[in-house]
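J.: Show me the folded form of this:
(one chain, ligands or ions: 1)
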Amino acid sequence: MKKIVSLILLISALSIVSCKQKQTDQKSDYQIVKQDTAMLLMKDSAFRRMVRNEHLVMSTLYQQTAAEYRALCYQAFNIGKVMLDMDLADKTVNKHRIIVLDIDETVLDNSDFEAKCILESTVYPKYWDEWCQKASAEPLPGAVEFLKYARANGVSIFYVTNRKEYLKDITIKNLADKGFPHADADHVIARTDEASKEARRQELLNKYHISLLFGDNLNDFAEDFEGLAVKPRKDAVDRFAGEFGKRFIVLPNAMYGDWEDAIYGYNTRIDDSVKFQLRRKALRSF
Ligand SMILES: [Mg+2]
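T.: Predicted coordinates for the structure are as follows:
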């Protein structure tokens with residue numbers, strides 16, 4: 001029934017736009033018609049609910065079905081191994097070596113949660129706790145093997161996550177069940193009062209030598225990237241260009257992240273129709 005209603009709305013919307021097109025020669029441009037149709041549809045709540053997370057379908061499918069995604073994960077951890085071996089050979093290092101990793105979309109795959117949001121037309125935090133409590137997130141390809149290799153070479157592992165404290169125990173269970181080393185209360189550092197990871201990183205840096213940092217979000221590496229708009233984020237990456245694939249190892253995440261929040265000016269609570277417009281506005285075309 002909902003599909004029929006949406007179809008009728010779609011046809012009506014197209015007719016309205018079509019009439020409008022005939023009335024004004026100047027607005028007959030295909031681009032404008034497309035935009036007007038999309039906006040008319042977005043104003044309908046039933047249709048809006050149906051397509052609320054449509055923009056997430058391809059990125060979630062990419063993570064779940066593209067063999068290229070697996071290859072990128074292996075690539076990241078293979079580069080990590082090469083760089084770790086180089087660091088291990090450096091005899092000038094006189095502190096205990098550690099590797100610092102984010103958890104979500106860096107060592108654990110949460111695409112099942114994203115798929116649930118798409119199918120149920122919901123957004124975070126709905127279902128997030130339920131998903132975490134299952135403790136069934138799969139490891140990213142190559143992550144467990146790489147970290148076991150690091151442990152075998154005397155390197156300690158620290159997981160610095162923005163999962164909240166009350167999810168810490170279940171997250172440790174998930175990591176331990178999947179074979180991750182150092183999955184314990186001392187090595188999983190959850191979010192307390194601030195989202196920034198800088199203070200937690202600095203605390204580790206005071207005691208240890210950080211051989212490598214792994215993350216899917218620039219904020220997993222340095223505070224220099226925090227809260228920046230789209231263009232300044234890119235400029236900041238350019239300034240750190242020499243660090244990527246060296247000390248900073250990035251995992252792909254096209255589903256969510258600060259890259260998306262930057263498009264919305266970090267106003268994540270704005271209406272879906274505004275996000276829809278901002279996404280289109282951010283597109284570069286010709
Ligand atoms: Mg992450």
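J.: For the rest of this, base every contact and every neighbour count on C-alpha atoms.
T.: Will do.
J.: hey, what's whichever residue of the stretch 51-200 of the chain sits closest to the ion bridged with?
T.: Nearest to the ion in the stretch 51-200 of the chain, going by Cα to the ion, is residue 104, at a distance of 4.0 Å. Judged by DSSP bridges, the bridge partners of residue 104 are residue 108.
J.: So what's the residue count around it?
T.: Neighbour count of residue 104, defined by other Cα atoms under 10 Å: 20.
J.: Is it correct that it is in contact with residue 110?
T.: Yes - using Cα atoms under 8 Å, residue 104 is in contact with residue 110, at 6.7 Å.
J.: Give me the common contacts of those two.
T.: Counting by Cα atoms under 8 Å, 6 or more residues apart in numbering, no residue touches both residue 104 and residue 110.
J.: ok, the residue of the stretch 51-200 of the chain closest to the ion - contacts?
T.: By Cα under 8 Å, 6+ apart, the residues touching residue 104 are 110, 161, 216.
J.: For the stretch 51-200 of the chain, what lies in contact range of the ion?
T.: 104-105 (Cα under 5 Å from the ion).
J.: for the stretch 51-200 of the chain, what spans make up the strands?
T.: 97-101, 108-109, 138-139, 156-164, 188-191 (DSSP state E, counting those that start in this stretch).
J.: for stretch 270-285, what is the average pLDDT?
T.: What stretch 270-285 shows for mean pLDDT is 93.
J.: domain assignment for the chain?
T.: Domain assignment of the chain by automatic domain parsing yields the ranges 1-51, 68-262.
J.: can you redo these as TSV with mean pLDDT?
T.: TSV is the format used below for the domains of the chain (pLDDT from 0 to 100):
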stretch	mean pLDDT
domain 1-51	55
domain 68-262	98
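J.: for these, which one ends up most surrounded?
T.: For the domains of the chain, average neighbour numbers computed from mean count of other Cα atoms under 10 Å are highest in domain 68-262, which has a mean of 17.
J.: And that one, end to end?
T.: End-to-end distance for domain 68-262: 26 Å, by Cα to Cα, to the nearest Å.
J.: Direction included, what does the host helix or strand of residue 211 pair up with?
T.: Using DSSP states H and E, residue 211 sits within strand 209-215. Partners of strand 209-215 in the sheet, by DSSP bridges, are strand 97-101 (parallel), strand 248-250 (parallel).
J.: next one: that strand to chain centre, how far?
T.: 19 Å (Cα atoms, centre = their mean, to the nearest Å).
J.: do stretch 187-200 as well
T.: The answer for stretch 187-200 is 17 Å, by Cα atoms, centre = their mean.
J.: now stretch 277-286
T.: Centroid separation for stretch 277-286 versus its chain: 20 Å, with Cα atoms, centre = their mean.
J.: How many residues are close by residue 52?
T.: Neighbours of residue 52 using other Cα under 10 Å come to 22.
J.: ok, now how distant is the residue nearest to it when sequence neighbours are not counted from residue 193?
T.: Take residue 52 and drop its neighbours on the chain: the residue closest to it by Cα to Cα, 6 or more residues apart in numbering is residue 121, 6.0 Å away. Distance check for residue 121 against residue 193: by Cα to Cα, it reads 29 Å.
J.: What of residue 177?
T.: Taking Cα to Cα, one finds residue 177 at 28 Å from residue 193.
J.: Kindly report the same for residue 147.
T.: Distance, residue 147 to residue 193, using Cα to Cα: 28 Å.
J.: same thing with residue 155?
T.: With distances taken as Cα to Cα, residue 155 is found 28 Å from residue 193.
J.: what does residue 52 give?
T.: According to Cα to Cα, residue 52 and residue 193 sit 30 Å apart.
J.: For the residue lying closest to residue 144 once chain neighbours are set aside, give me the backbone phi and psi.
T.: Using Cα to Cα, 6+ apart and skipping the chain neighbours, the partner closest in space to residue 144 is residue 180 (5.4 Å). Backbone geometry at residue 180, expressed as degrees, to the nearest 10, gives phi -70, psi 140.
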